[in-house]
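Trainee: sequence-free structure coming up:
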Ligand SMILES: Cc1cc2nc3c(=O)[nH]c(=O)nc-3n(C[C@H](O)[C@H](O)[C@H](O)COP(=O)(O)OP(=O)(O)OC[C@H]3O[C@@H](n4cnc5c(N)ncnc54)[C@H](O)[C@@H]3O)c2cc1C
């Protein structure tokens with residue numbers, strides 16, 4: 001098949017055999033019937049619909065050499081820098097359509113990571129079993145156009161202790177039993193995007209390991225309806241608006257969710273195990289995954305930035321202030337911040353690196369880290385400027401139910417209208433959209449912590465920058481030592497661990 005429609009995806013998750021998903025303390029079997037999860041299903045669905053819509057079809061489809069068919073790009077293995085660029089562009093465009101996180105990137109980045117790591121293990125150690133298993137799995141995912149979640153972040157207990165040193169031995173996902181037909185795993189992964197509405201979860205280690213942490217060095221994939229898997233869906237600001245049955249206050253009515261995924265002695269057959277006790281590879285896996293994921297933020301966050309800039313511009317017009325110099329200057333600043341994040345992600349893509357003899361295109365790790373580090377800051381500034389222009393009503397506007405009350409409606413229309421060309425309802429719709437997007441977990445908290453908290457990028461950038469070489473550049477010019485030979489490669493960057 002290779003390409004499912006949005007409707008087929010929805011049907012697919014309805015047909016999952018058995019899922020143990022909790023929302024606000026209660027079990028939910030049919031995500032589409034849950035007002036809390038339905039917006040999440042709709043956001044995920046948009047990634048399937050994109051493969052059939054005229055304005056996104058080209059970006060959302062890619063040719064897979066593994067099944068010799070077109071597949072949804074969210075399950076595609078990047079074949080060159082053009083694919084990496086297409087990823088960023090697709091994510092920007094999808095943000096325009098969804099107005100929230102569409103949740104399918106983590107699984108995509110996990111696929112590309114496992115492709116590289118299992119191939120590297122085969123190349124370096126001649127151990128091809130993981131690669132063979134992974135390629136079979138990839139073909140299955142591509143043929144059935146599955147929706148995947150990527151679960152890397154362990155609950156981690158005491159942050160300063162390694163997995164094997166934790167007071168709770170299950171603070172990181174680990175193997176508790178090895179059988180002839182597979183392994184049994186225990187532990188939990190936190191903050192997993194979209195997990196209640198996917199077909200499968202790909203699990204990866206979250207940090208570099210030592211020999212003592214061997215039993216924690218595992219990666220595998222399982223269907224969400226595997227016995228022993230429990231998902232506890234988290235709350236977000238304004239989430240109860242999904243339950244109100246309105247059509248303004250909860251705009252855009254497509255949202256992401258995150259969940260705590262608990263693996264309570266879950267059986268994983270061998271053909272789904274892609275890394276097993278190979279502790280020395282855990283660090284490289286994390287490095288590859290986090291760079292892919294950090295690059296991707298250039299697309300989705302600049303796309304949400306466009307939504308915020310567009311909403312702010314409209315609200316400025318409604319107030320009649322769009323031509324005032326300070327407003328123009330603030331709008332321009334928002335554009336600058338937004339396009340800076342996007343440019344960094346495009347650079348990370350065009351400067352992509354071929355890691356394997358037969359492909360394996362990875363992003364440039366320095367620029368991917370720079371991208372994500374910009375993302376930890378700029379959305380907050382963009383939101384600040386948007387809130388400045390939108391005015392205080394952004395935090396105090398009456399509800400849509402007041403607007404729909406026949407007694408109040410004429411009063412609200414009279415007193416909350418700005419420039420006569422727009423109605424009060426236009427204003428409320430824009431304010432709610434801006435509020436829900438710009439103060440959301442997806443635009444703010446995820447910008448900080450998704451793909452690693454800010455310090456993680458600083459550590460990577462400091463590792464990747466060759467300070468010694470920069471010093472030599474300076475020494476030449478300062479005539480402390482002249483004629484220090486500079487390498488052909490212009491940027492003073494070191495090779496990452498996985499390239500080395
Ligand atoms: C909206 C959202 C969606 C997400 N989606 C996913 C997903 O789909 N899949 C997934 O795997 N993960 C996901 N994440 C998780 C994300 O990758 C983590 O939140 C991130 O890596 C930070 O980990 P943490 O939350 O455990 O915070 P911590 O790592 O605990 O960070 C908290 C603070 O502690 C500091 N700190 C941590 N360890 C140390 C140390 N040893 N020494 C000194 N300081 C330390 C950090 O710098 C930070 O300031 C998501 C997160 C969010 C917010």
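Mentor: Everything's here; your move. Bear in mind the structure is a predicted one, so any value in this text is a computation, not a measurement.
Trainee: make it CA atoms for all contacts and neighbour counts henceforth
Mentor: Noted.
Trainee: and residue 359, what are its bridge partners?
Mentor: Under the criterion DSSP bridges, residue 359 forms beta bridges with residue 356.
Trainee: against residue 394, how distant is it?
Mentor: 49 Å (CA to CA, to the nearest Å).
Trainee: so which of those two has more stuff around it?
Mentor: residue 394 (20 against 14; other CA atoms under 10 Å).
Trainee: who touches that one in this structure?
Mentor: Going by CA atoms under 8 Å, 6 or more residues apart in numbering, residue 394 touches 387, 431, 432, 434, 435.
Trainee: redo that, cut-off 7 Å
Mentor: 431, 435 (CA atoms under 7 Å, 6 or more residues apart in numbering).
Trainee: which strand or helix spans it?
Mentor: helix 393-396 (DSSP states H and E).
Trainee: which residues in the stretch 151-300 of the chain form helices?
Mentor: Using DSSP state H, counting those that start in this stretch, the helices of the stretch 151-300 of the chain run over residues 282-319.
Trainee: the ligand contacts on that one?
Mentor: 151, 152, 153, 159, 160, 191, 192, 193 (CA under 6 Å from any ligand atom).
Trainee: try it again with 8 Å
Mentor: Contact residues (CA under 8 Å from any ligand atom) of the stretch 151-300 of the chain with the ligand: 151-156, 159-161, 189-195, 204, 206, 257-258.
Trainee: got it, and the chain?
Mentor: Counting by CA under 8 Å from any ligand atom, the chain sits next to the ligand at 103, 106-107, 149-156, 159-161, 189-195, 204, 206, 257-258, 441-442, 445-456.
Trainee: for the helix holding residue 394, the averaged confidence score.
Mentor: The average pLDDT within helix 393-396 is 98.
Trainee: lowest-scoring secondary structure element of the chain by mean pLDDT?
Mentor: For the chain, using mean pLDDT, DSSP states H and E, the weakest element among its helices and strands is strand 359-362, scoring a mean of 93.
Trainee: that one: which residues count as buried?
Mentor: Buried residues in strand 359-362, defined by neighbour count with 16 or more other CA atoms under 10 Å: 360, 361, 362.
Trainee: phi and psi next, for residue 69.
Mentor: phi -150, psi 160 (degrees, to the nearest 10).
Trainee: and the buried ones among the residues of the stretch 151-300 of the chain next to the ligand, selectable in ChimeraX?
Mentor: A single ChimeraX command suffices to select whichever of these are buried according to 16+ other CA under 10 Å:
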select :151,152,153,154,155,156,189,190,191,192,193,194,195,204,206,257,258
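Trainee: identify the residue nearest whatever residue of the stretch 251-400 of the chain ends up closest to the ligand in space, chain neighbours excluded?
Mentor: Closest to the ligand within the stretch 251-400 of the chain is residue 258: 6.1 Å, counting by CA to the nearest ligand atom. Closest residue to residue 258 apart from its sequence neighbours, by CA to CA, 6 or more residues apart in numbering: residue 193 at 4.3 Å.
Trainee: my guess is that neighbour contacts residue 257. True?
Mentor: Yes - between residue 193 and residue 257 a contact is recorded at 5.9 Å, counting by CA atoms under 7 Å.
Trainee: quick one, what contacts residue 273?
Mentor: With CA under 7 Å, 6+ apart, residue 273 has these contacts: 219, 220, 221.
Trainee: now with 8 Å?
Mentor: 130, 133, 218, 219, 220, 221.
Trainee: in strands, which of those fall?
Mentor: Among the contacts of residue 273, the members falling in strands (DSSP state E) are 218, 219, 220, 221.
Trainee: low-confidence stretches in this structure?
Mentor: By pLDDT under 70, the chain has no low-scoring segment.
Trainee: that one: strands as residue ranges?
Mentor: Ranges of strands in the chain, per DSSP E, are 20-23, 26-28, 61-64, 69-72, 148-151, 174-178, 182-193, 200-203, 218-223, 229-233, 258-269, 273-276, 353-356, 359-362.
Trainee: which one of the ones you listed is the most hemmed in?
Mentor: strand 148-151 (a mean of 28; mean count of other CA atoms under 10 Å).
Trainee: name the helices or strands packed onto it?
Mentor: For strand 148-151, the packing partners by 3 or more CA pairs under 8 Å, 6 or more residues apart in numbering; DSSP states H and E come out as helix 105-125, strand 182-193, strand 200-203.
Trainee: redo that, cut-off 6 Å
Mentor: Here strand 148-151 touches helix 105-125, strand 200-203, going by 3 or more CA pairs under 6 Å, 6 or more residues apart in numbering; DSSP states H and E.
Trainee: and that strand, how far out from the chain middle?
Mentor: 10 Å (CA atoms, centre = their mean, to the nearest Å).
Trainee: again with stretch 399-409
Mentor: Stretch 399-409 sits 38 Å away from the centroid of its parent chain (CA atoms, centre = their mean).
Trainee: same check on stretch 84-91?
Mentor: 13 Å.
Trainee: check stretch 260-272 too.
Mentor: 22 Å.
Trainee: and the helices in the stretch 301-450 of the chain?
Mentor: 325-350, 365-375, 378-390, 393-396, 400-403, 409-415, 424-438, 446-449.
Trainee: among those helices, which is nearest residue 183?
Mentor: Smallest distance to residue 183 across the helices of the stretch 301-450 of the chain (CA to CA): 30.9 Å, for helix 446-449.
Trainee: and that closest one, what does it pack onto?
Mentor: By 3+ CA pairs under 6 Å, 6+ apart, helix 446-449 packs against no helix or strand.
Trainee: residues making contact with that helix?
Mentor: Outside of helix 446-449, the residues within contact range by CA atoms under 6 Å, 6 or more residues apart in numbering are 375, 376.
Trainee: please redo it, this time with the cut-off set to 10 Å
Mentor: For helix 446-449, contacts defined as CA atoms under 10 Å, 6 or more residues apart in numbering pick out 101, 191, 294, 297, 301, 372-380, 440-442, 452-456.
Trainee: tell me who's in contact with the spatially closest residue to residue 439 that is not a sequence neighbour.
Mentor: Excluding its sequence neighbours, the residue lying closest to residue 439 (CA to CA, 6+ apart) is residue 383, at 7.6 Å. By CA under 10 Å, 6+ apart, the residues touching residue 383 are 305, 308, 309, 312, 334, 434, 435, 437, 438, 439, 443, 444.
Trainee: shouldn't the fifth one be in contact with residue 308?
Mentor: Meaning residue 334. Yes - assessed by CA atoms under 10 Å, residue 334 is found in contact with residue 308 at 9.1 Å.
Trainee: intersection of neighbour lists for these two?
Mentor: By CA under 10 Å, 6+ apart, residue 334 and residue 308 have these common neighbours: 379, 382, 383, 385, 386.
Trainee: from residue 453, how far off is the nearest residue to the second one once chain neighbours are set aside?
Mentor: With CA to CA, 6+ apart as the criterion, residue 382 has its nearest non-adjacent residue at 5.4 Å, and that residue is residue 334. If you measure residue 334 against residue 453 using CA to CA, the figure is 23 Å.
Trainee: which of those two has more residues huddled nearby?
Mentor: residue 334 (25 against 16).
Trainee: for residue 270, give its distance to residue 185.
Mentor: Counting by CA to CA, the gap from residue 270 to residue 185 is 12 Å.
Trainee: mutual contacts of those two, please.
Mentor: 178, 220.
Trainee: on that earlier part again, name the nearest of the contacts of residue 273 relative to residue 165.
Mentor: For the contacts of residue 273, the nearest to residue 165 is residue 218 (17.3 Å; CA to CA).
Trainee: next, work out how far apart that closest one and the ligand are.
Mentor: For residue 218, the distance to the ligand (CA to the nearest ligand atom, to the nearest Å) stands at 14 Å.
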